[in-house]
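Participant: here are the coordinates; sequence isn't available:
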């Protein structure tokens with residue numbers, strides 16, 4: 001869907017693959033599910049922030065409850081976005097355009 005909009009995309013199946021993809025690709029924006037195997041999306045972004053404190057992040061989840069405090073910190077400190085599942089293509093594109101526009 002994002003490639004159809006002209007974005008270059010890399011996909012990872014878990015937090016560890018996501019971190020390796022970040023290291024190889026070096027994106028300006030990371031879109032991550034919060035609940036993933038091996039490392040959560042929160043843990044993934046925390047690892048990335050050690051290298052790039054200014055990395056832009058969009059988190060998504062159908063059940064963000066146990067990550068509420070970490071998401072609040074991400075919003076307040078880094079202006080990260082959160083999308084509740086299910087979300088529309090329009091919602092995703094609007095969140096991405098916040099960072100690029």
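Facilitator: Nice, I can see it. Here the structure is a predicted model, which is why all the values come from computation and not from measurement.
Participant: Okay, helices next: where are they in this structure?
Facilitator: Remark: helices assigned in the chain by DSSP state H are 15-25, 41-51, 68-78, 89-100.
Participant: hey, which of these is tucked in deepest?
Facilitator: Comparing those by mean neighbour count (mean count of other CB atoms under 10 Å), helix 41-51 ranks first with a mean of 19. No exception for glycine: its C-beta is placed from N, CA and C like everyone else's.
Participant: Name the residues that touch it?
Facilitator: 15, 18-19, 22, 30, 32-36, 39, 55, 57, 59-61, 67, 70-71, 74, 78, 80 (CB atoms under 8 Å, 6 or more residues apart in numbering).
Participant: coming back round to it: would you tell me which of the helices of the chain gets closest to residue 3?
Facilitator: helix 89-100 (12.5 Å; CB to CB).
Participant: so what does the closest one touch, helix or strand wise?
Facilitator: Applying 3 or more CB pairs under 8 Å, 6 or more residues apart in numbering; DSSP states H and E, we find helix 89-100 packed against strand 29-33, strand 56-61, strand 81-84.
Participant: what's next to it, contact-wise?
Facilitator: Here helix 89-100 makes contact (CB under 8 Å, 6+ apart) with 1-2, 5, 7, 28-29, 31, 56, 58, 81, 83.
Participant: Could you rerun that using 6 Å?
Facilitator: Residues from elsewhere that reach helix 89-100, judged by CB atoms under 6 Å, 6 or more residues apart in numbering: 1, 29, 56, 58, 81, 83.
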